[in-house]
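> next come a sequence and a model predicted from it.
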Amino acid sequence: MAEIIAKIEALLFIYGDAIGLKKIAQTLKASEEDVEAALKKLAEELKAGNRGLFLVYDKEKVQLTTKPDFSSLLETVMKEELRENLTPAALETLSIVAYAGPMTRAELDYIRGVNSSFSLRNLSIRGLVERYPDPKRGNVYLYKPNFELLKFLGVARVEDLPDYEKFQSLISKLRNPAEVGPPPAAPETSAGLPTE
């Protein structure tokens, strides 16, 4: 039980948004009953312990979020963030969304290798990034650069960003690895054996 609880906690942290119990079960290759039991245990642990997080349920979905007791702390952090220039993390997030958007937060997290929820929230509040429901998947949101960002950068459209086609090609290869094909074969030695 401890292992599935830890996996669910990590998944909820990575995912950031509300996620369906069925999807959790599919991702972890576990039964929905085991997932429900583990979520119940995790909720109890978060509630009993001196923790800053708790679980929020909405029908068949669950989300890991901060406790309301810490809302003033988060408000202070957000105000500080908004008063200051964009952090390197926010600039990295903004660049990726500008070149690869529309994109899901999961894609962004995969490219950056870290959870991007805080940076995305910061950029959304500043009006630089826009979030909207994915028309193909009702429970997923897409992020794209906002009109305000384009105005700030002085470009009429994202395609006018420097090296846009080059980065679009890289993003396309990342999204469609099957189209890239296998890696090139290593050159052969005189004995017909591939070199390292």
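Cool, the structure landed.

> contact partners of whichever strand or helix holds I5?
For I5, the element it lies in under DSSP states H and E is helix 2-15. For helix 2-15, contacts defined as CB atoms under 8 Å, 6 or more residues apart in numbering pick out 19, 24, 27-28, 30, 34-35, 38-39, 41-42, 45, 55, 62-64, 106, 109, 115. The way it works is simple: take the backbone N, C-alpha and C, and place the C-beta from them, glycine included.

> for L153, give its distance to S116.
L153 is 20 Å from S116, where distance means CB to CB, to the nearest Å.

> would you mind telling me which of the two has more residues around it?
S116 (26 against 15; other CB atoms under 10 Å).

> just checking, the more buried one touches E107?
No. Between S116 and E107 there is no contact under CB atoms under 8 Å: 9.7 Å.

> show me where the protein has its helices.
Assigned by DSSP state H, the chain shows helices spanning 2-15, 21-28, 32-48, 71-83, 88-100, 105-112, 117-125, 147-153, 164-175, 177-180.

> so what's the residue count around M103?
18.

> residues contacting it?
Counting by CB under 8 Å, 6+ apart, M103 touches I96, V97, L142, Y143, K144.

> pick out the most distant pair among the residues you listed.
Spanning the widest gap among the contacts of M103 are I96 and L142, at 13.3 Å by CB to CB.

> ChimeraX command for the buried members of the contacts of helix 2-15?
Here is the ChimeraX command that selects the buried residues among the contacts of helix 2-15 (16 or more other CB atoms under 10 Å):
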select :19,24,28,30,35,38,39,42,55,62,64,109
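
> quick revisit: reformat the helices of the chain as TSV; add mean pLDDT.
What follows is the helices of the chain, written out as TSV (pLDDT from 0 to 100):
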stretch	mean pLDDT
helix 2-15	89
helix 21-28	92
helix 32-48	91
helix 71-83	74
helix 88-100	91
helix 105-112	90
helix 117-125	87
helix 147-153	80
helix 164-175	87
helix 177-180	68
